[in-house]
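In: Quick one: sequence plus predicted model below, questions after.
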Amino acid sequence: MLRDTFDQVAERYDRARPRYPRPLVEELARTAGLGPHSRVLEIAPGTGQLTVPLAEFGCRLTAVELGPALAAVARRNLSAFPRVDVEVADFELWELPAEPFDLVVIATAYHWFDPGKFVAKAAAALRPGGHLAVVTTHHVAGGTQDFFDRMQRCYERWEPTTVPGFRSPTEDESATDTGEFERSAHFEDVTVRRGAQEITYTTDEYIDVVLTYSNHLALDEPSRQGLLACLRELLETRHGGRVTKRYFHELITATRTGT
């Protein structure tokens, strides 16, 4: 499965993947009332991009990560937080503990799960009045848009699943469908908060980032090297070896009902 590919590049994933904007983390903590009394379950934490800032609130946190290499890096990053446990397991098969959680959170991984099954199991993990939080990350129009328009030619040549003429979506076009949460009898008060951040990369840093994307990792070696060479040449010859990328984040929260 494509979601298994991230474990092959755990160190690069830790180095290159963007962290979450501080206002998003603080809003999540405020909504969930995070503190030393809180029990938190994080699903698919990667190497701890969200786990570390959540752990800083002093909560008791269990992180369930599918990839053993990713989990090992996460444990290293979280070594200063003795109240955090990182377990290697598939959340869909993981046995829930008897004591419920106050918050269940998943960041930039919800799309890998069957929505109905995920929402049902998340509900089962929560106490009544607890919160489910889903953080999404979308690649949207903005930043050095001229580069992203031009790079389409690289993808059309080297990545066979590329849609001809593809252009970066707007933030409005990227909004997540929250119907699964709104239709669930287990949740109420579904709220969405949105924001964006822009990050500037050197050529090497940008290549590092794209080499953490599952579709790039799944390419055969000649295609992957051809794509990377095309991107590198475009960045170096037309954009001075620097590119700014825009990320659009959503914080979707819902409150567990008593049913």
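Out: Thanks, I have it.
In: Count the neighbours of E11 for me.
Out: Neighbours of E11 under the rule other Cβ atoms under 10 Å: 12. For every residue, glycine as well, the C-beta is placed using N, CA and C.
In: Skipping adjacent residues, who's closest to it in space?
Out: V73 (6.6 Å; Cβ to Cβ, 6 or more residues apart in numbering).
In: who does the helix or strand that neighbour falls within touch, helix- and strand-wise?
Out: Assigned by DSSP states H and E, V73 falls within helix 68-77. Packing partners of helix 68-77 (3 or more Cβ pairs under 8 Å, 6 or more residues apart in numbering; DSSP states H and E): helix 10-16, helix 51-55, strand 60-65, strand 84-88.
In: Of the ones you listed, which is nearest L34?
Out: helix 51-55 (7.0 Å; Cβ to Cβ).
In: How far off centre is that closest one?
Out: With Cα atoms, centre = their mean, to the nearest Å as the basis, helix 51-55 stands 14 Å off its chain's centre.
In: hang on, R242 packs against E205?
Out: No - contact criterion Cβ atoms under 8 Å: R242 and E205 do not qualify, at 9.1 Å.
In: so what's the residue nearest to V135 when sequence neighbours are not counted up against?
Out: Nearest residue to V135 in three dimensions, chain neighbours excluded: A107, at 3.9 Å (Cβ to Cβ, 6+ apart). Contacts for A107 (Cβ atoms under 8 Å, 6 or more residues apart in numbering) come out as 20, 42, 44-46, 49-50, 134-135, 137.
In: and the closest residue to A109 other than its chain neighbours, what does it touch?
Out: Nearest residue to A109 in three dimensions, chain neighbours excluded: A44, at 3.6 Å (Cβ to Cβ, 6+ apart). By Cβ under 8 Å, 6+ apart, the contact list for A44 reads 64-66, 91, 106-107, 109, 112.
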